[in-house]
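> quick check, what structure comes out for this input:
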Amino acid sequence: MQQPNFSKRMTAIGFAMGLFVCMPLTVSAQSDPVAAKLPPGIVASQGGVVVSIQDIDAYAQKIPEEDRAAFFDNPKRIESVIMNMLLGRQLAADARAAKIDQDPLVKTEIKLAIDDVLVREDLRNFRKNLKVPNFEQLAKEYYLGHESEFVLPGRVNVKHVLVSTKDRSDEAAKELIAKVEIEARAHPEKFDDLVDKYSDDPTKTINHGMIPDAGSKKMSGPFAKAAEHLKKPGDISPIVKTNFGYHVLKLVEHDPATQQTFDDVRNSLIQKLRTDWVENQVAEHTGSLRGKPLNADPALVASLRTRYKTHGEVMPEQAERLDAKQAEKAKAVGETPSNTPAKHTDH
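Next comes the predicted model:
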């Protein structure tokens, strides 16, 4: 069971913020003589606009509840949020002064933005009011029925000799790697000498042919499979073919896989089952709304395909029809379609 990747979520949130270039908040505060006289609840002001603690609370609603504390426990991030909000407020004030907010299309965009917030909060409220069952017993049953899901993979460390096919023929590479395999099986204790003498791996001067965690998914499939089949230190693999060439492996260490106990995974398993259950309830709820009788105007829906087309742009179906007409015309005069290319233009 993997825990959510907080750093990835923070990166996504950072992009969602729509960060602007801004001056340090500390410099602005120090240069503003009235900064110390802000009304109660006002975090900062600039250019005739303010950001209140309630604004920050509202902004925080966009961040998953379990991530908020860590998100705001960072002075630079706090500074960035406040300065971006101040800049946004100033730009919005400029827009209102220019009566941009009175434009019918902009008014509709604002309504859509309000809908987005209400959608988010409605689903949040739906999740909050769900009567979530106790998943303790279900978690135990799931664990007993899926123990193989809770096995920590073992770790296989090998050394290898690579005979590359980059600068030699495949036949020559096979001949050389066969020689390496014979010598490795005869004297596995001298494998390091074979690495030095024959291996084309450019990293051998640093790692002496060592490949840690050779059975992991990051390795080439045939290489990982051959590494996993080695059981005792000193075991030599058959010849393995990969995109890099031919390999012979020697097992250095093979730590076995470990079965996690129920206590090891209890909390994360219960959390996963709970999350899955809640999201299924949300899916059923939204599915019931999607399933309500639908009435649409087919003509208006179809018109959307060309509503935003730029002048001269040809839709794929139009291009096909033009090509077909051009081909028929060429056939009529005894020409091939390739000699009379279609001109895709609107009329």
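
> now the strands for the stretch 1-150 of the chain?
Defined through DSSP state E, counting those that start in this stretch, the strands belonging to the stretch 1-150 of the chain, from first to last, are 42-46, 49-52.

> Ser220: which of those is closest?
The minimum distance between Ser220 and these falls on strand 49-52, with 53.7 Å, by Cβ to Cβ. The way it works is simple: take the backbone N, C-alpha and C, and place the C-beta from them, glycine included.

> checking Gln326 next. Helix, strand or coil?
Three states are possible here, and by DSSP: H, G, I helix; E, B strand; the rest coil the one that applies to Gln326 is helix.

> number of residues surrounding it?
Taking other Cβ atoms under 10 Å as the criterion, the count of residues near Gln326 is 17.

> please apply the same query to Leu162.
The number of residues near Leu162, taken as other Cβ under 10 Å, comes to 24.

> tally of neighbours for the nearest residue to it once chain neighbours are set aside?
Across the structure, with Cβ to Cβ, 6 or more residues apart in numbering as the measure, the residue nearest Leu162 apart from its sequence neighbours is Asp201 (4.4 Å). One way to gauge burial is a neighbour count; for Asp201, by other Cβ under 10 Å, it gives 21.

> what's the answer for Leu251, then?
With other Cβ under 10 Å as criterion, Leu251 counts 21.

> I'd like to know how far it sits from Thr306.
In this structure, Leu251 and Thr306 are separated by 65 Å, where distance is defined by Cβ to Cβ, to the nearest Å.

> kindly report the same for Asn125.
40 Å.

> one more: Asp170?
Taking Cβ to Cβ as the measure, Asp170 and Thr306 are separated by 55 Å.

> one more: Val43?
In this structure, Val43 and Thr306 are 48 Å apart, going by Cβ to Cβ.

> looking at those two, which one has more neighbours?
Counting neighbours by other Cβ under 10 Å for Val43 and for Thr306 shows that Val43 has the greater number, 18 against 10.

> pretty sure Ala224 contacts Lys217?
Yes. The pair Ala224 and Lys217 passes the contact test of Cβ atoms under 8 Å, sitting 7.2 Å apart.

> neighbour-wise, which of the two wins?
Looking at Ala224 and Lys217 with other Cβ under 10 Å, you find the greater number of neighbours at Ala224, namely 20 against 8.

> which SSE is the more buried one in?
Under the assignment given by DSSP states H and E, the secondary-structure element containing Ala224 is helix 221-229.

> avg pLDDT for that helix?
Averaged across helix 221-229, the pLDDT comes to 93.

> show me the helices in this structure, by range?
In chain order, the chain shows helices spanning 6-16, 25-31, 53-60, 65-72, 75-97, 104-128, 136-145, 170-186, 191-198, 204-207, 221-229, 262-290, 298-307, 316-332, with DSSP state H as the criterion.

> make JSON lines out of those helices and add distance to Lys37.
Listed next are those as JSON lines, based on distance: least, Cβ to Cβ, whole Å:
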{"stretch": "helix 6-16", "distance to Lys37": "32"}
{"stretch": "helix 25-31", "distance to Lys37": "12"}
{"stretch": "helix 53-60", "distance to Lys37": "17"}
{"stretch": "helix 65-72", "distance to Lys37": "25"}
{"stretch": "helix 75-97", "distance to Lys37": "17"}
{"stretch": "helix 104-128", "distance to Lys37": "32"}
{"stretch": "helix 136-145", "distance to Lys37": "55"}
{"stretch": "helix 170-186", "distance to Lys37": "80"}
{"stretch": "helix 191-198", "distance to Lys37": "74"}
{"stretch": "helix 204-207", "distance to Lys37": "63"}
{"stretch": "helix 221-229", "distance to Lys37": "67"}
{"stretch": "helix 262-290", "distance to Lys37": "47"}
{"stretch": "helix 298-307", "distance to Lys37": "53"}
{"stretch": "helix 316-332", "distance to Lys37": "63"}
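
> for Val151, which of those is the nearest?
Among the helices of the chain, helix 262-290 comes nearest to Val151, with 10.7 Å by Cβ to Cβ.

> any low-confidence regions in the stretch 201-347 of the chain?
Counting by pLDDT under 70, the low-confidence segments of the stretch 201-347 of the chain come to 315, 317-319, 322, 330-331, 333-347.

> same check, this time on the stretch 51-200 of the chain
Counting by pLDDT under 70, the stretch 51-200 of the chain contains no low-confidence segment.

> which residue, other than its chain neighbours, is closest to Ser237?
Nearest-residue entry for Ser237: Leu249, 3.9 Å, with adjacent residues in sequence omitted and distances by Cβ to Cβ, 6+ apart.

> show me the contacts for the nearest residue to Tyr143 once chain neighbours are set aside.
Take Tyr143 and drop its neighbours on the chain: the residue closest to it by Cβ to Cβ, 6+ apart is Phe262, 4.9 Å away. When the contact criterion is Cβ atoms under 8 Å, 6 or more residues apart in numbering, the partners of Phe262 are Ala139, Lys140, Tyr143.

> just to revisit the earlier point, got a list of what the residue nearest to Leu162 touches?
Contacts here follow Cβ under 8 Å, 6+ apart; on that basis Asp201 touches His160, Val161, Leu162, Val195, Gly209.

> ranking the residues you listed by neighbours, who comes first?
Ranked by the number of neighbours (other Cβ under 10 Å), the contacts of Asp201 place Val161 first, at 27 neighbours.
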